[in-house]
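Enquirer: How does the following fold in three dimensions:
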Amino acid sequence: MKRVIAGAFLICAACSDDQPVTPGSPTPPTPAPVNDSSIAVTGVVAAANGGQPLGGVTVDAGSQRATTDGTGAFTLRFPAASSASVALTLSGNSIVTRRTALRQSAHAVSISAIAQAGFDLTLYRQLVRNAVEEPNGGLRATRLWLAPPQIYYRTIDEANRPIDSGTLDATESTIREAMRDWSGGGYPAATVVRGTESREGVPGWVTVLWAAEASADGLTCGSAQVATSGGRITFYPRTMGCRCAGSPGVTPGVVRHEIGHMIGYWHTDNANDVMYPTITSCTKSISDRERYHAAIALTRPNGNTDPDNDPASVSYLVPQGAAGPIVR
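Expert: Just a heads-up that it's a prediction; the model follows:
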């Protein structure tokens, strides 16, 4: 996510002290005025995955180019009269190539790039772009909750039968924990409201529902709409095999999986991940590699495309509009 930091800038014109003139001596020439009306844009490139400064990165603004020093700093100059945005490309052996935009009237900017060290582009494409299941090998643009949704948590199933308190309490606790872990601790405490109504279709909310019957395939324990404002998560406590011995109506592993979908993440092809399509462990946890790559994705605006290209019109808003697909 690019962050523009306002800064002060002062253009100083060169001037000279008055000198005494000896009678009869030649008059010294008047220095030509310096007409430098350009604006210096200073910036720092830091890693989205770690925050460390990135040196040796080429910053290309089309008409000019700079290279970051050991502190990640660079300087570009633009005409003072221009406030338009210019396309900016960051490249180098240490980073994933990044394309974004820079407003010429900005005086100081901080731009993040994804450092190659420790980064797995294959996993990132699976988790963030649905590379495992996207038809025809297409890669989706990012679509994530960049701020936590409010959760409306139904206390009855779809047949108006009450859900036992043990299941309600245990599942809510896991929802809160999963939202924290999927955001790398970036989300504040989740707002969870219990009731017998619904917030489906209400912007800013996600409703947790309890199915009245077993899932149609007899296997599915949960499903969720991906990154949908006003969307829903459905749990199937009556499906055989979804309740482990001594556990509440839905297992923690299933809850973590569906919260991952709710935020905007997709399936991976590694059975060690909680986003693997089949949850075989009741207590399945979010893997370290999932946490690491999910945190990187949350630094990017919605609409960011592969491998790291911001949309022309950057938006940091919570997902709105058409509902995302339902994923199990």
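Enquirer: Which residue ranges of this structure form strands?
Expert: With DSSP state E as the criterion, the chain has strands at 3-5, 38-47, 58-60, 65-67, 73-79, 85-91, 98-103, 108-113, 150-154, 192-195, 205-210, 222-225, 231-235, 326-327.
Enquirer: which residues does Val86 form a beta bridge with?
Expert: For Val86, the beta-bridge partners under DSSP bridges are Leu102.
Enquirer: ok so, going back, rebuild the strands of the chain as a markdown table, extending it with distance to Thr299 and mean pLDDT.
Expert: From N, CA and C alone the C-beta is placed, and that goes for glycine too. What follows is these, written out as a markdown table (distance: least, Cβ to Cβ, whole Å; pLDDT from 0 to 100):
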| stretch | distance to Thr299 | mean pLDDT |
| --- | --- | --- |
| strand 3-5 | 10 | 32 |
| strand 38-47 | 10 | 91 |
| strand 58-60 | 18 | 97 |
| strand 65-67 | 22 | 97 |
| strand 73-79 | 20 | 91 |
| strand 85-91 | 14 | 93 |
| strand 98-103 | 11 | 91 |
| strand 108-113 | 6 | 93 |
| strand 150-154 | 23 | 97 |
| strand 192-195 | 26 | 97 |
| strand 205-210 | 22 | 97 |
| strand 222-225 | 23 | 96 |
| strand 231-235 | 23 | 97 |
| strand 326-327 | 23 | 86 |
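Enquirer: quick one: which of these is nearest Met179?
Expert: The closest of the strands of the chain to Met179 is strand 150-154. By Cβ to Cβ, the value is 8.3 Å.
Enquirer: I'd like the strands of the chain laid out as CSV, including mean neighbour count and distance to Thr251.
Expert: Below are those laid out as CSV (neighbours: other Cβ atoms under 10 Å; distance: least, Cβ to Cβ, whole Å):
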stretch, mean neighbour count, distance to Thr251
strand 3-5, 12, 39
strand 38-47, 19, 36
strand 58-60, 19, 48
strand 65-67, 14, 51
strand 73-79, 17, 49
strand 85-91, 17, 43
strand 98-103, 19, 39
strand 108-113, 20, 36
strand 150-154, 20, 17
strand 192-195, 13, 19
strand 205-210, 24, 14
strand 222-225, 23, 9
strand 231-235, 23, 10
strand 326-327, 18, 17
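Enquirer: Could you tell me the model confidence score at Thr30?
Expert: We have a pLDDT of 49 for Thr30.
Enquirer: The chain should start at 16 in everything you say after this.
Expert: Happy to do that; since the first residue is 16 now, the last one works out to Thr45.
Enquirer: Hmm, Thr189 is touching Arg271, no?
Expert: Yes: the criterion here is Cβ atoms under 8 Å, and Thr189 meets it with Arg271 at 6.7 Å.
Enquirer: And these two? Which one has more around it.
Expert: When Thr189 is set against Arg271 and neighbours are counted by other Cβ atoms under 10 Å, the residue ahead is Arg271, at 24 against 20.
Enquirer: Could you measure from the closest residue to Ala95 other than its chain neighbours over to Ala99?
Expert: Counting by Cβ to Cβ, 6 or more residues apart in numbering, Ala95 lies nearest to Ser52, which is 4.4 Å off, once chain neighbours are set aside. As judged by Cβ to Cβ, to the nearest Å, Ser52 and Ala99 stand 16 Å apart.
Enquirer: list the contacts for Thr298?
Expert: Neighbouring residues of Thr298 by Cβ atoms under 8 Å, 6 or more residues apart in numbering: 266-268.
Enquirer: wait, Asp75
Expert: By Cβ under 8 Å, 6+ apart, the neighbours of Asp75 are 103-106.
Enquirer: Redo those as TSV? Include distance to Phe93.
Expert: TSV is the format used below for the contacts of Asp75 (distance: Cβ to Cβ, whole Å):
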residue	distance to Phe93
Leu103	12
Thr104	16
Leu105	17
Ser106	20
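Enquirer: what's the closest of the residues you listed to Ser238?
Expert: Nearest to Ser238 among the contacts of Asp75: Leu105, at 38.5 Å, using Cβ to Cβ.
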